[in-house]
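Undergrad: no sequence on this one, just coordinates:
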């Protein structure tokens, strides 16, 4: 089954794009609007990474050439790696919360108040709200599941890219 799936790269990229859209809908429509959770700065960075991975995979799915699949796939892998790093850092903060939990500014407040070279380290330093565990599923936090998702996207995309032939011939859609 895996071999037949990898023989159709556009379907894999399309499936990842759909999963990204479903995850965003779950996070925004359910967790934020129904449950009432407010995303912390690291959650927002992961959300943006998920959007970009979904867009890159959708562009790859819409492309008919292996060269475009490689380009969009590698960009998606890089973005997913950044998202996985952010999720891993937030998971670490949740397992090892800071001694003094302070509610820092939200991402937009930081961007408005500080230059970008100061905002980026502030995001990854985390704050009290980034280390809070507000929701779990099967024992994993949102950050844990975000990391698992990004790692799965990376594995699937790399499997497709490594399966692509070196020559420029057309493959089945």
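TA: Ah, there it is. Since the structure is predicted, the reported quantities are computational estimates derived from the model, not experimental observations. Numbers count the residues shown, from 1 in each chain.
Undergrad: what's the burial count for residue 74?
TA: Look at residue 74: counted by other C-beta atoms under 10 Å, it has 15 neighbours. (C-beta placed from N, C-alpha, C; glycine too.)
Undergrad: report pLDDT for residue 170.
TA: Residue 170 is assigned a predicted lDDT (pLDDT) of 49.
Undergrad: how about residue 76?
TA: Residue 76 is assigned a predicted lDDT (pLDDT) of 94.
Undergrad: ok, it - contacts?
TA: By C-beta atoms under 8 Å, 6 or more residues apart in numbering, residue 76 lies in contact with 13, 16, 52-53, 56-57, 60, 153, 157.
Undergrad: does residue 66 touch residue 164 like I think?
TA: Yes: Residue 66 is within contact range of residue 164, at 5.3 Å (criterion: C-beta atoms under 8 Å).
Undergrad: okay if I get the contacts of residue 76 as a markdown table plus secondary structure and pLDDT?
TA: Below are the contacts of residue 76 laid out as a markdown table (DSSP: H, G, I helix; E, B strand; the rest coil; pLDDT from 0 to 100):
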| residue | secondary structure | pLDDT |
| --- | --- | --- |
| 13 | helix | 91 |
| 16 | helix | 92 |
| 52 | helix | 94 |
| 53 | helix | 94 |
| 56 | helix | 95 |
| 57 | helix | 93 |
| 60 | helix | 90 |
| 153 | helix | 94 |
| 157 | helix | 91 |
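Undergrad: okay then, goodbye and thanks.
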